[in-house]
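Asks: Need a 3D model of the sequence below.
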Amino acid sequence: EKTYTIFSMSAPPFLTAFLGEGQSYNTAKSTEYVAEKTGVRIEYHEVDMFSFAEQFNIMAASGDYTDMIANVSTNYTGGTIKALEDGIILDLTDYVEHDMPIYAQLIEDKGARKELTNDDGQFLAICSINNDVLINRGPLVRQDWLEQLGMELPTTYDDWYELGKAAVSTFGCDYAFYFDSKLNPGVSFSAGYDLPGFDITTSGSNYYIVDDKVQCTYTSENLRDYLSMLNKWYDAGLISRDFFNFSQTDTRDAFTGGSCIACWDNADVLKEKNEDPELSAQGFHIEDAPLTVKEPGQMLHFSPSDSTLVGTDSVCISTECDDVDLLISFLDYMFSEEGSRICNYGIEGESYTLDENGQPQWTEAMYADPDKTFMQASCTYLLNSIPSLDDVHANESMTYDDASIAAVTLWSQGFDGAYDIPSSLTFTTSESETYASLIADIDTYANEYMLRCITGESEIDSTWDSYIQKIKDMGIDQCIAIKQACYDRYLNR
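Replies: Here you go, the predicted model:
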């Protein structure tokens, strides 16, 4: 048996108790199962998400690396290119092209090479690949309240405004719509203003493409109009006075607790809450609403999906790994049908069985215990942090009903994704240094300005021009030019 170490994120607190006595992925059933099946044991060096980047850089400075390192691109200053230059990780191009036949074929079948290589055509990480683009989040409305108001499901921003005013007036709810500290309640919400689903808590979500030219939300006149609308909603009490302190994790409690008439959430909430006997006894019922537009029939240019062709798990192999060939063989196996099932469904005969058509079906053990959620029941069986072919629909049979499926169908209409910017743009080392030296202060200034506009602390029309000048003085045009250079190189990959 060969052991390989991996520097990766620990499980969130609500899952750790279900990962065995050690409350770690090292004691998960999947880790032991994979070791028995393949002769390769994964030893997790786990770090919580809040200190991951800091601890990663401490490890990098020490020169004592684990064999594999997860999510280098987002946690090492300069990303994978800088990590390669600094001698931390290996160039995996030859391995992918000559020693990973399953992974290489999958890349070809999915047309994913552009997304998985850098501008020099190098594979510096092995990444999960999604089997489909998952659209599972959109607007949800309390249908029981809607019926009492005698109103139709909202379609336009004006419809939402009228619904919100009626709900606050009639039901005395705290506010009409659940907005949180991200500012944008759903990735599709701002699309009607030709703005991407930017998240003010995450840098870099504010860029988009129009006619092959990189644009930035911060400098768009559409942002001015969007902020004016949100200020109107805020003044009318449709958004909580304290929304900037709200968390997305509290959405469902606020929604089911009667604080609001609408929120933006995943399709599984339809099954989870509409089947809740206590809520049903109160008459509570949720309905999905279409993606929001300015005018009926408007085509949205941003995809309402958080997912892309490339999945969330990625690993680099460090220069400290003493047997790269075996590890490469193992990682390739994880993209096979059998290997991917371990990551998506767990252990055959325990967490899933195969039906007469050879399709995985979850066992009763995954839902029999009323004190465990499906995620808690299944987490010990699913191999963590190792990339594979991700089945984005794996959990739907457990978490979706007909209404959830209908919601996904509804939210999959009315957009073309023409303005989406590729997620795999890469900086050069000098670009990374320049961009990093500018963007933090720009993000802070722009985000504070947006919040002041919404709450009325800053009057939009009288401050907009000075805001634009200030953000230009801070270097936003230079940041856009760097992103443009990244995009141009991407097109030439």
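
Asks: The residue nearest to residue 49 when sequence neighbours are not counted - how many residues pack around it?
Replies: Leaving aside its sequence neighbours, residue 49 sits nearest to residue 9 (CB to CB, 6 or more residues apart in numbering; 5.4 Å). Placement of C-beta: from N, CA and C, glycine included. When neighbours are defined as other CB atoms under 10 Å, residue 9 has 18 of them.

Asks: From residue 75, how far out is residue 9?
Replies: 10 Å (CB to CB, to the nearest Å).

Asks: okay, and the common contacts of those two?
Replies: residue 52 (CB atoms under 8 Å, 6 or more residues apart in numbering).

Asks: Which helix or strand contains the nearest residue to residue 213 once chain neighbours are set aside?
Replies: Counting by CB to CB, 6+ apart, residue 213 lies nearest to residue 484, which is 7.0 Å off, once chain neighbours are set aside. Using DSSP states H and E, residue 484 maps to helix 476-491.

Asks: Return the set of buried residues in that helix.
Replies: 476, 478, 479, 480, 482, 483, 484, 485, 486, 487, 489, 490 (16 or more other CB atoms under 10 Å).

Asks: Could you do stretch 291-309 as well?
Replies: 291-293, 298, 300-305, 307-309.

Asks: Nearest to residue 459 among the buried residues of helix 476-491?
Replies: residue 476 (21.8 Å; CB to CB).

Asks: Helices along the stretch 101-250 of the chain, start to end?
Replies: With DSSP state H, counting those that start in this stretch as the definition, the stretch 101-250 of the chain shows helices at residue ranges 101-110, 113-116, 143-149, 157-171, 221-235.

Asks: Make a markdown table out of the ones you listed and add mean neighbour count and mean pLDDT.
Replies: Below are these laid out as a markdown table (neighbours: other CB atoms under 10 Å; pLDDT from 0 to 100):
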| stretch | mean neighbour count | mean pLDDT |
| --- | --- | --- |
| helix 101-110 | 16 | 96 |
| helix 113-116 | 17 | 93 |
| helix 143-149 | 17 | 97 |
| helix 157-171 | 18 | 98 |
| helix 221-235 | 18 | 97 |
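
Asks: Of those helices, which is nearest residue 427?
Replies: So among the helices of the stretch 101-250 of the chain, helix 113-116 is nearest, using CB to CB, at 16.0 Å.

Asks: so how far is that closest one from its chain's centroid?
Replies: When distances are taken as CA atoms, centre = their mean, to the nearest Å, helix 113-116 is centred 19 Å away from the chain's centroid.

Asks: then that helix to PDB, C-alphas only?
Replies: Provided in PDB are the C-alpha atoms of helix 113-116 (Å, rounded to 0.1, in the frame of the first residue of the first chain):
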ATOM      1  CA  ARG A 113      -8.600  21.500 -23.300                       C
ATOM      2  CA  LYS A 114      -9.000  25.400 -23.400                       C
ATOM      3  CA  GLU A 115     -10.500  25.400 -19.900                       C
ATOM      4  CA  LEU A 116      -7.900  23.100 -18.400                       C
END
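
Asks: got the contact list for that helix?
Replies: Contacts for helix 113-116 (CB under 8 Å, 6+ apart): 107, 123, 125, 127, 308, 309, 310, 422, 423, 424, 490, 493.

Asks: out of the residues you listed, who's nearest residue 208?
Replies: Distances from residue 208 to the contacts of helix 113-116, taken by CB to CB, are shortest for residue 422, at 10.8 Å.

Asks: hang on, residue 482 packs against residue 433?
Replies: No - the pair residue 482 / residue 433 is not scored as a contact, 10.4 Å apart, by CB atoms under 8 Å.

Asks: on that earlier part again, for the residue nearest to residue 213, give its distance to residue 81.
Replies: Distance of residue 484 to residue 81, given as CB to CB: 18 Å.

Asks: so where do the strands sit in the stretch 301-450 of the chain?
Replies: 310-317, 352-354, 360-362, 389-390 (DSSP state E, counting those that start in this stretch).

Asks: now those as a markdown table including distance to residue 95 and mean neighbour count?
Replies: Putting those into a markdown table (distance: least, CB to CB, whole Å; neighbours: other CB atoms under 10 Å) gives the following:
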| stretch | distance to residue 95 | mean neighbour count |
| --- | --- | --- |
| strand 310-317 | 8 | 22 |
| strand 352-354 | 31 | 16 |
| strand 360-362 | 29 | 16 |
| strand 389-390 | 18 | 22 |
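
Asks: and those strands as TSV, adding mean pLDDT and distance to residue 254?
Replies: Shown next, in TSV, are these (pLDDT from 0 to 100; distance: least, CB to CB, whole Å):
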stretch	mean pLDDT	distance to residue 254
strand 310-317	89	26
strand 352-354	96	34
strand 360-362	95	30
strand 389-390	95	30
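
Asks: of all those strands, which lies closest to residue 190?
Replies: With respect to residue 190, and counting by CB to CB, the nearest of the strands of the stretch 301-450 of the chain is strand 310-317 at 23.1 Å.

Asks: what residues does the closest one touch?
Replies: 6, 67-73, 80, 83, 88-90, 92, 112, 115-116, 124-130, 324, 327-328, 331, 385-388, 390, 423-424.

Asks: Buried only: go through the residues you listed for me.
Replies: Buried among these by 16+ other CB under 10 Å: 6, 67-73, 80, 83, 88-90, 92, 112, 115-116, 124-130, 324, 327-328, 331, 385-388, 390, 424.
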